[in-house]
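Participant: Sequence below, structure please.
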Amino acid sequence: MKVLSVLGSPRRGGNTEILLDEALRGASDHGGSCEKVVLRDLKITPCLEIYKCAEDGVCAIKDDMQDLFPKIEQAQRLIIASPIFFYTVSAWTKAMIDRCQSLWVKKYILKLPVSPVADRKGAFISVAATRGKKLFDGVRLTIKYFFDAIDVSYSHELFVRGVDEKGEVRKQEEVLQQAYELGRRLVVE
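Facilitator: Down below sits the predicted model:
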């Protein structure tokens, strides 16, 4: 089972990455072949809305997204991990999502398949410093609509409130176990 994970946190070794790594360990321990892409290490231009993709479903911007598109299209399972910045995903995550407009065009305008892979499932992991009641409501919708556009069913999520200090989540054994279990369930269910 091919598992692609995308880390949208600007902070390496932070709480979001710790949980993502636990999820990948859970997936790997149960047969997943895992790859982690770190968005902050890539050069991704935001969508320029030039609509060249309306011709053939291919984004015209030549940057590191050109290497990421096939990975997204070939993944059987996808994990997006992003901290919350102002009640939404990080800028790196949002730029990647927006660039997948070409895949939305492919699916909804050109009526072409987004992926040759059937029964694709995805999970979302997110960590936030605050504890607001509706903290994850908007971002959940963003990820659900993103997954829909790329033909991935939203199947699992892990949201952690009130965690900010780098590495603080390591003190929460229950949350670490939930991340591991998310990865396991993603590949076995």
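
Participant: Could you check stretch 84-93 and say which residues are buried?
Facilitator: By 16 or more other CB atoms under 10 Å, the buried positions in stretch 84-93 come out as 84-85, 89-93. Where C-beta positions appear, they are placed from N, C-alpha and C, glycine not excepted.

Participant: now do stretch 50-63
Facilitator: Across stretch 50-63, burial judged by 16+ other CB under 10 Å covers 53, 57, 59, 61.

Participant: and the gap between the third one and V127?
Facilitator: I take that to be C59. Distance, C59 to V127, by CB to CB, to the nearest Å: 29 Å.

Participant: And the lowest mean pLDDT element among the helices and strands of this protein?
Facilitator: Considering only helices and strands, the least confidently modelled element of the chain by mean pLDDT, DSSP states H and E is helix 53-56, at a mean of 95.

Participant: check contacts around the residue nearest to F69 when sequence neighbours are not counted.
Facilitator: Leaving aside its sequence neighbours, F69 sits nearest to C59 (CB to CB, 6 or more residues apart in numbering; 7.1 Å). With contacts taken as CB atoms under 8 Å, 6 or more residues apart in numbering, C59 has the following neighbours: 52-53, 65-66, 69, 99, 101-102.

Participant: Likewise for R184?
Facilitator: Counting by CB under 8 Å, 6+ apart, R184 has contacts 26-27, 29-30.

Participant: Quick check: Q74 vs R120, distance?
Facilitator: In this structure, Q74 and R120 are 10 Å apart, going by CB to CB.

Participant: Those two: which is more packed in?
Facilitator: Ranked by neighbour count (other CB atoms under 10 Å), Q74 and R120 place R120 first, with 21 against 13.

Participant: Test my guess that the more buried one contacts L78.
Facilitator: Yes: the pair R120 and L78 qualifies as a contact (CB atoms under 8 Å) at a distance of 6.9 Å.

Participant: Residues in contact with both of these two, list them for me.
Facilitator: Jointly contacting R120 and L78 under the rule CB under 8 Å, 6+ apart are 150, 152.

Participant: Could you verify my assumption that F146 touches Q101?
Facilitator: No: at 10.3 Å, F146 and Q101 do not qualify as touching, with contact defined as CB under 8 Å.

Participant: Need the overlap of contacts for those two.
Facilitator: With the criterion set as CB under 8 Å, 6+ apart, the contacts of F146 and Q101 do not overlap.

Participant: higher neighbour count, the two?
Facilitator: Using other CB under 10 Å as the criterion, F146 and Q101 rank with F146 on top: 24 against 17.
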